[in-house]
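**Student:** Below is the sequence, then the predicted model.
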Amino acid sequence: MKKKFTIKTLLILAVLAMNFAAKSQMTFTTWTHPPYITLYAQDTSAGVSTSANISMDDIYSNAVVIGFPFTFYGNTYNTCAIGANGNISFDSASVAGYDPWPISQVLLGNTSVKNSICGVWCDMDMADYGGTISYCITGTAPNRIFGINYCHNGMYTSASCPGQSTTTQMLLYEGSNNIEVHVAHKSVCPVWNGGLAVIGVQNSAGTDAVVAPGRDYPDTFSCTNEAWLFSPSGSSYTVSSIPFSPVHYYTVFWYDSTTGGYLGSGDSLLISDSLTTAYIAYAVGCSDTASTGFDSVSHGFFRVISLNASNVATARDFRFYPNPATEVLNIVGNTPILSVSISDITGREVYYTDCNTFNLAVPIKELSNGLYSVKLNNMAVKRFLKE
C-alpha cells in the first residue's frame, strides 16, 4: 500500500470577489503519491464549478449528474440538461438538443419548456457575447445543494444592446426538493424577442406552472439581487420572495509561477514528483463585472521538489540577517521564498506576504521590540530579535 504524506500546506484567507458576495477560506495542499504529486485547492464552504460545456447558442448540455435524487412535480431524477437560455430540463429528449428561445405565451402550457425550471429563461448568447455556464454541488448528504450558474451571460443581439447581460443561479435542494432562483443581475434588450423573460417552473404535461409575480409573459423586467423560492405543495408548488443569498462557487486555474504558462483548471493538478518548479493556483469566482465577469484574487503558491532527503533539507535552508534586526530583516534562500509569515511570542501574525524570490527585505521598523518567529513557505521556522 502506498503511503500518502504532505510536503506542504498553505492556508490563505481570501475573498472570492463575486457579485455573489462570497467570503471564503481557501485551503491549498500538496500531497505525494510517488511517482506523482497532486496539488489541491479547496473551499469547503463553496462549490467547485464544472463547465456545462455549452459552446453554441440555443442548445442543451449533455446529461449532467445532479449528485442526489431530486423530485420535481412528483417524479425523481438523477440528471438534467442545462439550457443555454437560462433554463434546465428534466426531459431526456432535451439532452444535447435545441433549447428554444422564442417567448410568445405564458409559461403554463408553453411547449418549449415543459418539465423545466426557468431561472431566468431568456435569449442569452454566451457563445457570441461572452459569459459562462457551469454547475456545482455543495454540502454533505442528506443536505446537498446542486447549483446551475450563469455568469455575465450576454443577451442575444448584445451588439445592439452593449453591456446587456444576465447573471443568475438555480439551486436544487436535496431532501426538501426546494428550488431557488437567485438573480444577481438581469438586463433587458428590447430590440430582440421583446426583451421577454420568465422565472418559474412547469410540469411535464404543461398542465401546471408556477411563476414568480411579474415574471411571466408578457412581462419585461430588469432586476438586481432578487431571489425566489419554489416549494413543493401537493401536486404543485408555492412561490415566495426570499433574501438574495446564492451559493458561492469557483473555478481553480493552475499556472507555472515562473513562466506564467497555463497548466489546466480544476480543484487538483497532477504532476510528476521529479519536477523542481513553483506553481500558482488562482481560485476564480463570478463577479458579474461589465468587462470580464471574473476576478482572480484568491491564490496560493506551491513549491514542488524532488522527494529525497537532501532536497528536503535544501528547501529549509534559508539565511537571515541581521539578527538582531532594527529596520529590515533580510532573507536569502537556496530555493524560492514563496510566502513569509511573522508572528509575535503570543502566536499572533503581525506580517504576511506572498512572493516568489530568492532574496527578500522585510520591513520590521514598525514592529515592537521583542522575539519573533518567521515561517517560510509554511514549513521553515526561524526566530529573530527585533531591537
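**Tutor:** Arrived safely, thanks for sending. None of these values were measured; they are calculated from a predicted model. Residues are numbered from 1 along each chain as shown.
**Student:** Strands of the stretch 251-387 of the chain, start to end?
**Tutor:** 262-265, 268-272, 277-286, 294-304, 318-321, 328-343, 349-363, 370-376, 380-386 (DSSP state E, counting those that start in this stretch).
**Student:** okay, those strands, which one's buried deepest?
**Tutor:** strand 277-286 (a mean of 23; mean count of other CB atoms under 10 Å). Glycine gets a C-beta too; all of them are placed from N, C-alpha and C.
**Student:** Which one, of the strands of the stretch 251-387 of the chain, ends up nearest to I199?
**Tutor:** strand 277-286 (18.9 Å; CB to CB).
**Student:** Tell me if I am right that G194 is in a helix.
**Tutor:** Yes: according to DSSP: H, G, I helix; E, B strand; the rest coil, G194 belongs to a helix.
**Student:** so who does it touch?
**Tutor:** If a contact means CB atoms under 8 Å, 6 or more residues apart in numbering, then G194 has 103, 218, 220 as its contacts.
**Student:** rewinding a little: would you list the strands of the stretch 251-387 of the chain in a markdown table and tack on distance to I66 and mean pLDDT?
**Tutor:** Converted to a markdown table, these look like this (distance: least, CB to CB, whole Å; pLDDT from 0 to 100):
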| stretch | distance to I66 | mean pLDDT |
| --- | --- | --- |
| strand 262-265 | 22 | 81 |
| strand 268-272 | 22 | 82 |
| strand 277-286 | 21 | 73 |
| strand 294-304 | 26 | 47 |
| strand 318-321 | 49 | 80 |
| strand 328-343 | 38 | 82 |
| strand 349-363 | 37 | 86 |
| strand 370-376 | 42 | 83 |
| strand 380-386 | 45 | 76 |
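**Student:** What's the separation between F244 and I82?
**Tutor:** The gap separating F244 from I82 is 22 Å, by CB to CB, to the nearest Å.
**Student:** the more surrounded of these two?
**Tutor:** Each of F244 and I82 has its neighbours counted (other CB atoms under 10 Å); I82 has more, 27 against 18.
**Student:** Quick check: that one touching C136?
**Tutor:** No: using CB atoms under 8 Å, I82 is not in contact with C136; the gap is 11.9 Å.
**Student:** circling back: tabulate the strands of the stretch 251-387 of the chain in JSON lines, adding columns for distance to E180.
**Tutor:** Converted to JSON lines, the strands of the stretch 251-387 of the chain look like this (distance: least, CB to CB, whole Å):
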{"stretch": "strand 262-265", "distance to E180": "27"}
{"stretch": "strand 268-272", "distance to E180": "29"}
{"stretch": "strand 277-286", "distance to E180": "16"}
{"stretch": "strand 294-304", "distance to E180": "23"}
{"stretch": "strand 318-321", "distance to E180": "50"}
{"stretch": "strand 328-343", "distance to E180": "38"}
{"stretch": "strand 349-363", "distance to E180": "36"}
{"stretch": "strand 370-376", "distance to E180": "42"}
{"stretch": "strand 380-386", "distance to E180": "46"}
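**Student:** Of those strands, which is nearest T238?
**Tutor:** That would be strand 277-286 among the strands of the stretch 251-387 of the chain, by CB to CB, at 28.7 Å.
**Student:** Relative to that closest one, what are the paired strands and their orientations?
**Tutor:** Strand 277-286 pairs in its sheet with strand 249-256 (antiparallel), strand 294-304 (antiparallel), by DSSP bridges.
**Student:** For that strand, C-alpha coordinates in PDB please.
**Tutor:** The C-alpha trace of strand 277-286 is given here as PDB (Å, rounded to 0.1, in the frame of the first residue of the first chain):
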ATOM      1  CA  THR A 277       9.400  24.200 -10.000                       C
ATOM      2  CA  ALA A 278       6.900  26.500  -8.500                       C
ATOM      3  CA  TYR A 279       3.200  26.700  -9.200                       C
ATOM      4  CA  ILE A 280       0.400  29.100  -8.500                       C
ATOM      5  CA  ALA A 281      -3.300  28.400  -8.300                       C
ATOM      6  CA  TYR A 282      -6.000  31.000  -8.700                       C
ATOM      7  CA  ALA A 283      -9.500  30.500  -7.400                       C
ATOM      8  CA  VAL A 284     -11.800  32.500  -9.600                       C
ATOM      9  CA  GLY A 285     -15.500  33.300  -8.900                       C
ATOM     10  CA  CYS A 286     -18.200  35.200 -10.700                       C
END
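**Student:** can you give me the strands in the stretch 1-150 of the chain?
**Tutor:** 5-16, 22-33, 36-42, 47-48, 50-51, 64-72, 75-82, 87-89, 116-121, 132-138, 145-154.
**Student:** Domain map for the chain?
**Tutor:** For the chain, automatic domain parsing gives the domain ranges 5-44+248-307, 48-232, 317-386.
**Student:** Pick the most buried one from these.
**Tutor:** Sorting these by mean neighbours (by mean count of other CB under 10 Å), the first place falls to domain 48-232, with a mean of 20.
**Student:** now the closest residue to N359 other than its chain neighbours: how far from F146?
**Tutor:** Distances taken as CB to CB, 6 or more residues apart in numbering place V332 nearest to N359, at 5.5 Å, with adjacent residues excluded. Distance check for V332 against F146: by CB to CB, it reads 50 Å.
**Student:** Kindly report the same for N110.
**Tutor:** For N110, the distance to F146 - CB to CB - is 24 Å.
**Student:** so D123 sits right up against G195, yeah?
**Tutor:** No: applying CB under 8 Å as the test, D123 and G195 come out as separate, 9.3 Å apart.
**Student:** circling back: would you list the contacts of G194 in TSV and tack on pLDDT and distance to I280?
**Tutor:** Below are the contacts of G194 laid out as TSV (pLDDT from 0 to 100; distance: CB to CB, whole Å):
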residue	pLDDT	distance to I280
I103	96	44
P218	96	50
T220	92	44
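**Student:** Thanks a lot, see you next time.
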